[in-house]
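>>> Can you look at this prediction? I've put the sequence above it.
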Amino acid sequence: MNNEVSPIDLFNFAVWGIIFLVIITQLFRSIRIVSTRTALIVERLGKYKATLGPGFHVLIPFIDVVTAIQDLREETIDVPPQECFSKDEVQVEVDGVIYMSVSDPIKATYGVTDYRFAAMQLAQTTTRSVIGTLELDKTFEERDMISQAVVDTLNAAGETWGVHVHRYEIKNIKPPSTVQCAMEKQVTAEREKRAILARAEGDKQSRINTSEGTMRELINLSEGERQRLVNEAEGRASEILALATATAESIEKIGNAVVQPGGEEAIKLNLSEKFINNIAHLADAETSVIFPADLTNLNQLLEALDLHIARKANA
């Protein structure tokens, strides 16, 4: 008996083995486990069939095919540096970052060939257009406006592409080295100008404060001097008034005493005592005193004084 295997049998065995491996492979590939925030696009015989969400799924081998896997998480896309011209014809280099995510897996698969590349190109063209309407100084101040314009444009196109742009950030705006040096000098000049103005304003305020302090000091001194003079005048007036009042009261009392019984004799006696005492004091002093001729006639002097007092009382 011949146990040798013919070449035809070997060929058939190999063919069936390959077919078996293909079938087993397709069976395994038909079993899909989709993770969270991932979507699988399935086509059946070349036509869109379904979008598979997270979970366990079984496909029909040789008929159902996964044509795209879309990641629904937010992703970042670097926009490479590009040269832009501002409104005042200054060339600047601008780059940025796009933050976006797939909102519609079907549109992201069939609406555009490569939504990442398309978003990057649209961001560059929009950035060039917006910077072309701004002067160089404004490009540094209007970063938010430029970013918002890019986001609005990308979201308008994203409705067709099935993507949503969350934000766009400009990383760098680099002018030429010559322009950058000129801008640095301008900034330095502005800072020096502000410093000079601040020092001048401070010196001015200091002088104003000093003059106001001196003025208030002089006012306070003059007010104090005026109040002192007023107080002294009021004091002298009060003193004069008190003396006048006391003198008037004493004169009134003397007049009342004179008209009383025995008042005249009392006054004469009081005047005699004062006259004698004054003469005694003059005798003690080391001075020369001239007395009138009738000094020895005391009674006549008193009578003359009495007549003078009587006249004042009658008046």
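Happy to help now that I have it. Residues are numbered from 1 along each chain as shown.
>>> From now on I want contacts and neighbour counts done on CA atoms only, so please keep to that.
Will do.
>>> For this structure, which segments count as helices?
7-29, 105-110, 115-131, 136-141, 143-161, 177-259, 263-284, 298-314 (DSSP state H).
>>> L40: how many residues sit nearby?
23 (other Cα atoms under 10 Å).
>>> for L21, that is, sorry about that
12.
>>> do you know how far it is from V15?
Separation of L21 from V15 (Cα to Cα, to the nearest Å): 10 Å.
>>> how about the helices of the chain, which one is nearest D78?
helix 115-131 (7.7 Å; Cα to Cα).
>>> How far does that closest one sit from its chain's centre?
Centroid displacement of helix 115-131 relative to its chain, using Cα atoms, centre = their mean, to the nearest Å, is 38 Å.
>>> Stretch 144-162 now?
Its chain's C-alpha centre and that of stretch 144-162 lie 35 Å apart, by Cα atoms, centre = their mean.
>>> how about that stretch: buried residues?
I146, S147, A149, V150, V151, D152, L154, N155, A157, G158, W161, G162 (16 or more other Cα atoms under 10 Å).
>>> how about the CA coordinates for that stretch, as PDB?
What follows is stretch 144-162, C-alpha atoms only, in PDB (Å, rounded to 0.1, in the frame of the first residue of the first chain):
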ATOM      1  CA  ASP A 144      -9.100  86.900  23.200                       C
ATOM      2  CA  MET A 145     -10.900  88.400  20.200                       C
ATOM      3  CA  ILE A 146      -8.700  86.500  17.800                       C
ATOM      4  CA  SER A 147      -9.200  83.300  19.600                       C
ATOM      5  CA  GLN A 148     -13.000  83.800  19.700                       C
ATOM      6  CA  ALA A 149     -13.100  84.500  16.000                       C
ATOM      7  CA  VAL A 150     -11.200  81.200  15.300                       C
ATOM      8  CA  VAL A 151     -13.600  79.300  17.600                       C
ATOM      9  CA  ASP A 152     -16.700  80.700  15.900                       C
ATOM     10  CA  THR A 153     -15.400  79.900  12.500                       C
ATOM     11  CA  LEU A 154     -14.400  76.300  13.400                       C
ATOM     12  CA  ASN A 155     -17.700  75.600  15.100                       C
ATOM     13  CA  ALA A 156     -19.600  76.800  12.000                       C
ATOM     14  CA  ALA A 157     -17.700  74.300   9.900                       C
ATOM     15  CA  GLY A 158     -17.800  71.800  12.700                       C
ATOM     16  CA  GLU A 159     -21.500  71.400  12.300                       C
ATOM     17  CA  THR A 160     -20.700  69.600   9.000                       C
ATOM     18  CA  TRP A 161     -17.700  67.800  10.300                       C
ATOM     19  CA  GLY A 162     -19.300  66.500  13.400                       C
END
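>>> Which one of the buried residues of stretch 144-162 is nearest to R29?
Distance to R29, by Cα to Cα, is smallest for G162 among the buried residues of stretch 144-162, at 27.2 Å.
>>> For the stretch 51-200 of the chain, which residues score under the pLDDT cut-off?
Applying pLDDT under 70 to the stretch 51-200 of the chain picks out residues 180, 182-184.
>>> mind running it again at 90?
Across the stretch 51-200 of the chain, the ranges flagged by pLDDT under 90 are 56-66, 83-93, 111, 132, 134-143, 171-200.
>>> can you put the buried residues of stretch 144-162 in CSV and add distance to Q205?
Shown next, in CSV, are the buried residues of stretch 144-162 (distance: Cα to Cα, whole Å):
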residue, distance to Q205
I146, 43
S147, 44
A149, 47
V150, 49
V151, 50
D152, 51
L154, 55
N155, 55
A157, 59
G158, 60
W161, 64
G162, 64
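>>> Any idea how many residues pack against the nearest residue to G158 once chain neighbours are set aside?
Distance criterion Cα to Cα, 6 or more residues apart in numbering; nearest residue to G158, sequence neighbours excluded, is H164 at 5.8 Å. H164: 20 surrounding residues under other Cα under 10 Å.
>>> Look up the residues forming beta bridges with H164.
Taking DSSP bridges as the rule, H164 bridges to S101.
>>> Distance check, it against F117.
14 Å.
>>> ok, now how distant is A248 from A237?
Taken as Cα to Cα, the span from A248 to A237 is 16 Å.
>>> Kindly apply the preceding question to E89 instead.
90 Å.
>>> got it, and T133?
T133 is 88 Å from A237, by Cα to Cα.
>>> repeat for L136
With distances taken as Cα to Cα, L136 is found 84 Å from A237.
>>> cool, and V102?
103 Å.
>>> out of the two, which sits in the more crowded spot?
V102 (25 against 12).
>>> I'd like to check which residues are in contact with the more buried one.
Going by Cα atoms under 8 Å, 6 or more residues apart in numbering, V102 touches Q70, D71, L72, R73, E74, A108, G162, V163, H164.
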